[in-house]
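J.: take this sequence and fold it.
(chains A and B)
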Amino acid sequence: GAGVSQSPSNKVTEKGKDVELRCDPISGHTALYWYRQSLGQGLEFLIYFQGNSAPDKSGLPSDRFSAERTGGSVSTLTIQRTQQEDSAVYLCASSRSGGRETQYFGPGTRLLVL
Amino acid sequence: EDQVTQSPEALRLQEGESSSLNCSYTVSGLRGLFWYRQDPGKGPEFLFTLYSAGEEKEKERLKATLTKKESFLHITAPKPEDSATYLCAVHSLNDYKLSFGAGTTVTVRA
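T.: Below is the predicted model of the structure:
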């Protein structure tokens, strides 16, 4: 079946602009995660959605970052007033539920802030 | 806070030369330990989940093992197509997220 999809695959923006990154999870998966992978660093957790529950936003690095998930499926990660340090690969993952289920990752969006 | 340390950072192997990657972890309570493979420009691809000490999983030339403090990923008779970055992650009982190590980049020369 179809895996996790993300768009765009690449995004180049100017410092100070807002960007939106999209994630389509695997059909039927109720849990959705956003991670960030910066050069030379491991994957860093950003935010977690499970069904209709309030999201766990504990990993968001600043209030410029926000995310929503509509209808329990597609998610959008928004970065406002982008900074150069926001340049990274943003990865989305989904799992069947939020327990010990395996998280399956999408191909990522490569964001470059000039 | 959960911590995951992978070693070595990089590993260069000749085709057929078996080796092991290490993942040491500190976690308040282990829900699961995951191994992923990541190719350049792609997202992590799931390989294995291990839940309890003593557990082993195998897939083709890869075998993952787990103790109470570390996991090993053994690569037997590797081929050039096994070249990738291998990521280890832990999922603790108290959390939803995965905590990742920095990865081991494996290069297999023909």
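J.: tell me, how many residues neighbour A:Asn52?
T.: Residue crowding around A:Asn52 was assessed by other CB atoms under 10 Å in any protein chain shown; the count is 9. C-beta: built from backbone N, CA, C; applies to glycine.
J.: quick one: it from B:Thr104, how far?
T.: The span separating A:Asn52 from B:Thr104 equals 39 Å under the rule CB to CB, to the nearest Å.
J.: ok, residues contacting stretch A:101-108?
T.: For stretch A:101-108, the surrounding residues in contact (CB atoms under 8 Å, 6 or more residues apart in numbering or on different chains) are A:3-6, A:9, A:23-24, A:26, A:29, A:31, A:33, A:35, A:37, A:89-95, B:34, B:36, B:42-46, B:49, B:98.
J.: for PyMOL, what selects the buried ones among these?
T.: Selecting in PyMOL just the buried members of the contacts of stretch A:101-108, where the criterion is 16 or more other CB atoms under 10 Å in any protein chain shown, is done with this command:
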select buried, (chain A and resi 4+6+23+24+26+29+31+33+35+37+89+90+91+92+93+94+95) or (chain B and resi 34+36+43+44+49+98)
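J.: quick one: which of the contacts of stretch A:101-108 sit in strands?
T.: When DSSP state E defines the strands, the subset of the contacts of stretch A:101-108 inside them is A:5-6, A:23-24, A:31, A:33, A:35, A:37, A:89-95, B:34, B:36, B:45-46, B:49.
J.: and B:Asn22, bridged to which residues?
T.: B:Asn22 has the following beta-bridge partners by DSSP bridges: B:Ser7, B:Phe72.
J.: contacting residues around it?
T.: Taking CB under 8 Å, 6+ apart as the definition, contacts of B:Asn22 comprise B:Gln6, B:Ser7, B:Pro8, B:Glu70, B:Ser71, B:Phe72.
J.: cool, and B:Lys69?
T.: When the contact criterion is CB under 8 Å, 6+ apart, the partners of B:Lys69 are B:Ser24, B:Tyr25, B:Thr26.
J.: isn't the first one right up against B:Leu66?
T.: Think B:Ser24. No. Under the criterion of CB atoms under 8 Å, B:Ser24 lies out of contact with B:Leu66, with a separation of 11.7 Å.
J.: show me which of these two is the more surrounded one.
T.: The residue with more neighbours, out of B:Ser24 and B:Leu66 and counting by other CB under 10 Å, is B:Leu66; that gives 23 against 15.
J.: let me see the contact set for the more buried one.
T.: With contacts defined as CB under 8 Å, 6+ apart, B:Leu66 is in contact with B:Leu33, B:Leu50, B:Tyr51, B:Ser52, B:Ala53, B:Gly54, B:Glu55, B:Glu56.
J.: please report the distance of the fifth one from B:Ser18.
T.: Think B:Ala53. Using CB to CB, B:Ala53 is found at 23 Å from B:Ser18.
J.: quick revisit: got the contacts of B:Asn22 as JSON lines, with neighbour count columns?
T.: Putting these into JSON lines (neighbours: other CB atoms under 10 Å in any protein chain shown) gives the following:
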{"residue": "B:Gln6", "neighbour count": "22"}
{"residue": "B:Ser7", "neighbour count": "13"}
{"residue": "B:Pro8", "neighbour count": "12"}
{"residue": "B:Glu70", "neighbour count": "16"}
{"residue": "B:Ser71", "neighbour count": "24"}
{"residue": "B:Phe72", "neighbour count": "16"}
